[in-house]
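Chemist: Here is the input, now give the coordinates:
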Amino acid sequence: MNSALIRSVFYTACLTLAVSACTTQAWYEGMKQGAVNQCDKQPPGAREDCLSRLNNKTYDAYNKERATAE
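Modeler: Numbering: from 1, shown residues only. Presented below is the predicted three-dimensional model:
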């Protein structure tokens with residue numbers, strides 16, 4: 001997939017989330033699911049490798065880590 005298309009999809013998703021006034025948690029979960037969906041489009045061997053590199057933190061763990069970094 002070319003980078004312009006990926007950027008376009010990403011910006012559209014972000015705009016959609018902003019317009020629908022989603023919570024931060026919903027945005028976080030949506031981005032994680034989008035990454036899983038991209039891995040699902042990979043060939044079988046590459047799919048597992050892609051999934052193993054994804055962020056598997058829960059929103060609560062992410063939020064605690066983010067709060068301590070501030």
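Chemist: so where's this structure uncertain?
Modeler: Where the chain drops to pLDDT under 70, the residues are 1-5, 8, 14-22.
Chemist: now with 80?
Modeler: By pLDDT under 80, the weakly predicted segments of the chain are 1-22, 70.
Chemist: Dump stretch 54-63 to CSV, keeping only the CA atoms.
Modeler: Output in CSV follows, covering the C-alpha atoms of stretch 54-63 (Å, rounded to 0.1, in the frame of the first residue of the first chain):
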residue,chain,number,x,y,z
LEU,A,54,2.0,-4.6,18.0
ASN,A,55,1.3,-2.7,21.2
ASN,A,56,-0.6,-5.0,23.5
LYS,A,57,-1.0,-2.7,26.4
THR,A,58,-4.4,-2.1,27.9
TYR,A,59,-5.7,1.5,27.9
ASP,A,60,-5.3,1.7,31.6
ALA,A,61,-1.6,0.6,31.4
TYR,A,62,-1.0,3.1,28.6
ASN,A,63,-2.7,5.9,30.5
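Chemist: Could you list the residues in contact with that stretch?
Modeler: Identification of contacts with stretch 54-63 by CB atoms under 8 Å, 6 or more residues apart in numbering yields Thr24, Gln25, Tyr28, Glu29, Lys32, Ala35, Val36, Cys39, Glu65. For every residue, glycine as well, the C-beta is placed using N, CA and C.
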